[in-house]
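In: Only the shape, not the letters, is given here:
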């Protein structure tokens, strides 16, 4: 059911005419999204259009909007900075369970307050505060914060309350979801829930109490990703920053540098084998060194990355210079030297601590047969890496080759377990890019965190597969790469990776219910159904907060909607087709 | 280029929203993190660099039509280029600024423009200047200064001083252009002015009136050729940018005319010892980088190439396309001039150089959306005040005018002063 004029006028009355629109061109600004062409019929470029875009300015306005949604029967989908297809409305006619209804997109831009409790290391932020802002304010006060792997341009509230919030600093600082010290949530039925100590009127210092702890209810299996109400504020724990409180940015755009404090060490380290790589991780965990750690630079692909970053850090060069740089003397050797490498920033609480960490790292490298990559440990590159890893302000390099990428794999586990899928992932990538329809950046282009939880232990690697979203054939290749990655994982008895989440975006509600009802732990979805019954009886949210209706749980009903047809498989590469 | 040529940019936009912020690494506070005045004022994504590209895609896809709201989306933007700089931190294949300008040209062709625009263009066509003032008064600012006039005192001039429309006709800015001319003369620069100087056409280009720009450019180029002009010097950042970056597209790759801003010339004269700032000018100042002198002030590089792919699908250009990402704008000469003035203490705003916040005067915004221009200027004044500076120095007529008249959030004002005005005080 299309958004009625009456409903639209109600929205105008709540937020003011200036803060709501249904102009088609403006609506499409929200419909075009990252990865959209891999989940839409005929690789289309738009998610379903919202009935209106609304920009609330307060929690009370959000509450009024949600109450209007229940009254006028429209859906509500909030986003922080609005990056990812699942931030958009997701239903075409006939694809939603229950009532047909238009969805109103909430753009949270106007709710961007920030408050730092310097003494206690707590930040209270609104949904449009991005990590770079919080990080900047924290640094000035001797604090830092974990920045989600997606980068500093992302919303802190979205990362902490609606997703998992893991990044390069997680091993030291904890993931954002773990760091939540209280949240304010407008439920899909229009209640305002404040959890943890905040809920008992004791302020923002503990997410689990005294007071109601509804963290699990709000987050669900993977974070609700806009599917279950609106998070209007949260508090996050800050982490100690042992560096200068002056964020002394140096260098020329795009490759800014952050000079190293005396207590900082920054290296790119490499190992000869994947076995040595797992040993390296375990020894880093055991010895508790490091501040930010990530296998970051390899997102540009193992064959291209070493030359790529040297190109990137020279402001006179650009992507078209890369082929010539690959032919430069020594580049082939550097590429081999860095094939299995990661970036590590170590921050000592004193110069002596930094020296100790240095010695520990040297010892670890000696034991695993690893080395520091000299070309990437010069002062210039170390300063660039220092900036990159601490701010994560260059993460949109993900898109540098062709504007679009799909991250496949990324199953999280111990390094030994992750090691098991690396060769399969790399081989699948090479197979799929051989025909030239994906960017040929391999052997592998696997990037990922060193630790997904404080202290390490769990991590994952994501395969960066770049495609040109403006090219139908290339998009089609990426479409089938996702399907193929799921099948590849099956061959080694691994669960599917991130691509499976994306593929679900092609589904109708019924198809998703079918899949989840057959999952290994369907009770999770049942549990979330019961939560939805309580907090979202009119299904104002969407299935990003995963659930299954009773009839699917009982196996009485199955999808009647057809699977979205693929765009047609591109021709595989002929035998002997040259790659890089 | 046409709007359709930016469809691929839109399809390759991953909606990361970098275009809304200054480069992420450069963010030093919550308050001064934003880069795009347009989206900060109107909030909807369509008012950002990426959002405009998508609005263009939607329109050319036939999914939307031209509406009053869409006209605002396209024209309620200062064209400051902050989006372009931030986007290109991670991208070599996106061009949000030139896409935004193309969108304006597209709508002008359709007759869909802000209500104020036709009148401004009519003035340009009638009088040869954006102010609509009698052209006979063009050089009144130079009366009694002993400056040579083309066509009056001489038929030839290797160096031409181009004042620009605002400086020529706005009495409040007259002291700036006079100071600039006096300083250059004191440094021994031999130059002339054109008593019948015509508008550079840059504003018309930014408004989307490409034919009017081209007509202005051709007229000026013909005059310069006849007068044997080899160097054009202007105190106006927009004229400087227009001559430097746009005129070669009309004149061709053998353009061959050196374009300099007055701050560049003054800096050169100081470093050559021809200007000696000796008198103390005790003043704490901050500096406003004009968009057209700073991030958009990079050298023009002729390019006639095409997109191609390497490594299967990586998008590059053959031959390499100039990046224009603000890395090599004119940042240091005005600062070096300020630093050379005894007593002047230069304090930087957080957002400076390629990350500078626009004054609000660009993109023909003050003429069509004065409230937005005031909003943008007010934000900049807040930031200038935060430095503790007494005055905001700049090198652009628009910046000078709008910041000089702006009010900060606390109602405070700040003196706006041109870099060369300050320099003159020290000579």
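Out: Received, thanks. Just so it is clear, the model here is predicted, and its values are computed rather than measured.
In: How about the residues of the stretch 51-200 of chain A by chain B?
Out: Applying Cβ under 8 Å from any Cβ of the partner chain, we find that the stretch 51-200 of chain A lies next to chain B at A:53, A:55, A:81-83, A:107, A:109-110, A:114, A:129-130, A:132-137, A:140, A:151-153. (C-beta placed from N, C-alpha, C; glycine too.)
In: change it to 10 Å
Out: Within the stretch 51-200 of chain A, the positions near chain B by Cβ under 10 Å from any Cβ of the partner chain are A:53, A:55, A:57, A:79-85, A:87-88, A:105, A:107, A:109-110, A:112-114, A:116, A:125, A:128-137, A:139-140, A:147, A:150-155.
In: Just the buried ones among those, please.
Out: Taking 16 or more other Cβ atoms under 10 Å in any protein chain shown as the criterion, what is buried in those is A:53, A:55, A:57, A:79-85, A:87-88, A:105, A:107, A:109-110, A:112, A:114, A:116, A:125, A:128-137, A:139-140, A:147, A:150-155.
In: Next, check these against the strands and list the overlap.
Out: Applying DSSP state E to these, the entries found in strands are A:53, A:79, A:105, A:107, A:114, A:116, A:125.
In: Please name the residues that touch the fourth one.
Out: Taking Cβ atoms under 10 Å, 6 or more residues apart in numbering or on different chains as the criterion, residue A:107 is in contact with A:19-21, A:29-30, A:50, A:53-56, A:78-82, A:87, A:127-128, B:43-45.
In: Return the member of the ones in strands among the buried ones among the residues of the stretch 51-200 of chain A next to chain B nearest to residue B:245.
Out: Among these, residue A:107 lies closest to residue B:245 (Cβ to Cβ), at 34.3 Å.
In: For that closest one, give its distance to residue B:39.
Out: For residue A:107, the distance to residue B:39 under the criterion Cβ to Cβ, to the nearest Å works out to 11 Å.
In: For these two, list the residues in contact with both.
Out: By the contact definition Cβ under 10 Å, 6+ apart, residue A:107 and residue B:39 are jointly contacted by residue B:45.
In: mind checking the SS state of the residue lying closest to residue B:170 once chain neighbours are set aside?
Out: By the measure of Cβ to Cβ, 6 or more residues apart in numbering or on different chains, the closest residue to residue B:170 outside its immediate chain neighbours is residue B:401, 6.7 Å from it. For residue B:401, the secondary-structure state derived from DSSP: H, G, I helix; E, B strand; the rest coil is helix.
In: Pretty sure residue B:401 sits against residue B:416.
Out: Yes: at 7.8 Å, residue B:401 counts as touching residue B:416 under the criterion of Cβ atoms under 10 Å.
In: Of those two, which one has the most company?
Out: Here residue B:401 and residue B:416 are set side by side on neighbour count (other Cβ atoms under 10 Å in any protein chain shown), and the busier one is residue B:416, at 25 against 22.
In: How much space separates the residue nearest to residue B:170 from chain A?
Out: Taken as Cβ to the nearest Cβ, to the nearest Å, the spacing of residue B:401 relative to chain A amounts to 28 Å.
In: Tell me which residues touch the closest residue to chain A within the stretch 151-300 of chain B, please.
Out: Among residues of the stretch 151-300 of chain B, the one nearest chain A by Cβ to the nearest Cβ turns out to be residue B:295. It sits 8.8 Å away. Neighbouring residues of residue B:295 by Cβ under 10 Å, 6+ apart: A:253, B:80-82, B:84-85, B:97, B:289, B:324-331, B:353-356, B:358.
In: cutoff 6 Å now
Out: Under the criterion of Cβ atoms under 6 Å, 6 or more residues apart in numbering or on different chains, the contact partners of residue B:295 comprise B:81, B:85, B:326, B:329, B:354.
In: Check those residues one by one and keep those near chain A.
Out: B:326, B:354 (Cβ under 6 Å from any Cβ of the partner chain).
In: Generate CSV for the contacts of residue B:295, with pLDDT as supplementary columns.
Out: Compiled in CSV, these are given as follows (pLDDT from 0 to 100):
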residue, pLDDT
B:81, 98
B:85, 98
B:326, 98
B:329, 98
B:354, 98
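In: How much space separates residue B:63 from residue A:46?
Out: Counting by Cβ to Cβ - residue B:63 and residue A:46 are separated by 7 Å.
In: quick one, which of the two is more surrounded?
Out: Neighbour count, other Cβ under 10 Å: between residue B:63 and residue A:46, residue A:46 has more, with 20 against 16.
In: Now that one: closest residue in space that isn't a chain neighbour?
Out: residue A:31 is the one closest to residue A:46 (Cβ to Cβ, 6+ apart), at 4.0 Å.
In: Which secondary structure elements does the lengthiest helix in chain A sit against?
Out: Longest among the helix segments of chain A by residue count, using DSSP state H, is helix A:472-491. For helix A:472-491, the elements it packs on are helix A:422-433, strand A:462-468, helix A:498-503, judged by 3 or more Cβ pairs under 6 Å, 6 or more residues apart in numbering or on different chains; DSSP states H and E.
In: which ones are touching residue B:117?
Out: With contact taken as Cβ under 6 Å, 6+ apart, residue B:117 is in contact with residue B:207.
In: average model confidence for stretch A:37-57?
Out: When the per-residue pLDDT values of stretch A:37-57 are averaged, the result is 97.
In: Can you point out the buried residues in it?
Out: Residues A:37-40, A:43, A:45-57 are the ones in stretch A:37-57 that count as buried (16+ other Cβ under 10 Å).
In: okay, and for chain A, where does confidence drop off?
Out: Within chain A, the segments meeting pLDDT under 70 span A:1, A:221, A:575-580.
In: Of all residues in it, which one is nearest the centre?
Out: residue A:150 (4.3 Å; Cα atoms, centre = their mean).
In: And for chain B?
Out: In chain B, the residue lying closest to the centroid (Cα atoms, centre = their mean) is residue B:292, at 2.6 Å.
In: In this structure that one contacts residue B:236, no?
Out: No: under the contact definition of Cβ atoms under 6 Å, residue B:292 does not touch residue B:236, with a separation of 8.5 Å.
In: Outline the domain layout of chain A.
Out: If the domains of chain A are taken from automatic domain parsing, they occupy A:5-109, A:112-240, A:249-399, A:401-506, with pieces of a single domain joined by a plus sign.
In: check contacts around residue 382.
Out: Using chain A here. For residue A:382, the contacting residues are residue A:266, taking Cβ under 6 Å, 6+ apart as the criterion.
In: wait, I meant chain B there
Out: In this structure, residue B:382 makes contact with B:408, B:409, judged by Cβ under 6 Å, 6+ apart.
In: How confident was the prediction at it?
Out: Note for residue B:382: predicted pLDDT of 97.
In: Am I right that it is in a helix?
Out: Yes: assignment of residue B:382 by three-state DSSP places it within a helix.
In: Run a quick neighbour tally on residue 178.
Out: Reading this off chain A. For residue A:178, the number of neighbouring residues by other Cβ under 10 Å comes to 19.
In: The intended chain is chain B.
Out: As a burial measure, residue B:178 scores 22 neighbours (other Cβ under 10 Å).
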